[in-house]
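**Q** pasted the sequence and its predicted model underneath.
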Amino acid sequence: MNDIWDWERAWEVLPELLEGLVVTVEATVIGMVIASILGLFIALAMRAPTRWVRIPLRFVTDFIRMTPLLVQLSFVWLLSPPWVPLLAIGCTVLGVHYATYMSEVYRAGIEAVPRGQWEAATALNMARGRTWRAVILPQAIRNTLPGLGNYAISMFKETPFLFAIGIVEMYTRAQSFGANTFSYVEPLTMVGLLFLAVSYPTSLLVRRMEIRLA
């Protein structure tokens, strides 16, 4: 058993992994902010009355959804000026990628608002902008919170792809430690446990939120 697992080595790598975890969480939070805001704008733009807006936007979102995140990261990194921070590239690509999925969550949330709410706002002679701000979006966003939470967990678990553009997050630190010590079992196992330690409680919170909002 000692030949397979070394507790001393596991504790040795833990501080490095925790430093990488900070970068992982930072990328997830920034990416989620970008995805949440951009996804809402996409969902609203897809309701535009003219198809000259909807059709090109649908093509772009489908293209992003149907191409691998790893390829998108590498492509944007290659085209970015050398002075752009790697973390900024990574967070932006993560955010744009997940915004295309979150736009569908927002769309479903908007469509779930009862038609009577629209009719009531019209009867009160509310301006269209105020109707969206005061009536529709608060209800729609409330309906989408569990779905957005699930995508946040997915984004967190996909941050290891950031290694492709040189961002030293948790997984990259584990690989580096394994290359230096010729032992990958301990660092990769610890990475898995740290991902679990963050993802599982978050999933329970999302599930509880979903039950309360049902």
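**A** In hand now; what should we look at?
**Q** which pLDDT value belongs to Gln139?
**A** Listed pLDDT for Gln139 reads 87.
**Q** verify the stated contact: it with Val113.
**A** Yes: the criterion here is C-beta atoms under 8 Å, and Gln139 meets it with Val113 at 5.0 Å. All C-beta atoms are positioned from the backbone trio N, CA, C, and that covers glycine.
**Q** residue nearest the centroid of this protein?
**A** Residue closest to the average C-alpha location in the chain (C-alpha atoms, centre = their mean): Met155, at 3.7 Å.
**Q** now do the same contact list for that residue.
**A** By C-beta atoms under 8 Å, 6 or more residues apart in numbering, the contact set of Met155 is Thr28, Gly31, Met32, Ala35, Leu94, Tyr98.
**Q** out of the residues you listed, which is nearest to Ile211?
**A** Using C-beta to C-beta, Met32 is the member of the contacts of Met155 that sits closest to Ile211, with 22.0 Å.
**Q** point out the other helices and strands that the helix or strand that that closest one is a member of packs with.
**A** Met32 is part of helix 7-45, with elements assigned from DSSP states H and E. Counting by 3 or more C-beta pairs under 8 Å, 6 or more residues apart in numbering; DSSP states H and E, the packing neighbours recorded for helix 7-45 are helix 51-65, helix 86-111, helix 137-158, helix 170-181, helix 185-213.
**Q** for it, buried residues please.
**A** By neighbour count on 16 or more other C-beta atoms under 10 Å, the buried set for helix 7-45 is 9-10, 13-14, 16-17, 20-21, 23-24, 27-28, 30-32, 34-36, 38-40, 42-43.
**Q** over to stretch 163-176?
**A** Result for stretch 163-176 [16+ other C-beta under 10 Å]: buried residues 163-165, 167-176.
**Q** quick one on the thing from earlier: most tightly packed of the helices and strands packed on helix 7-45?
**A** Mean neighbours per residue, mean count of other C-beta atoms under 10 Å, is largest over those for helix 86-111, with a mean of 21.
**Q** quick one: it to helix 7-45, angle?
**A** If you take axes from the mean of the first three to the mean of the last three C-alpha atoms, to 10 degrees, helix 86-111 sits at 50 degrees to helix 7-45.
**Q** packing partners for helix 86-111?
**A** helix 7-45, helix 51-65, helix 69-79, helix 137-158.
**Q** and the contacts of stretch 118-125?
**A** By C-beta under 8 Å, 6+ apart, stretch 118-125 touches Arg130, Thr131, Val135, Ile136.
**Q** re earlier: of the contacts of Met155, closest to Pro146?
**A** Out of the contacts of Met155, the member with the shortest distance to Pro146 (by C-beta to C-beta) is Met32, at 14.3 Å.
**Q** what sits against that closest one?
**A** Going by C-beta under 8 Å, 6+ apart, the list of residues near Met32 reads Gly95, Tyr98, Leu148, Tyr151, Ala152, Met155.
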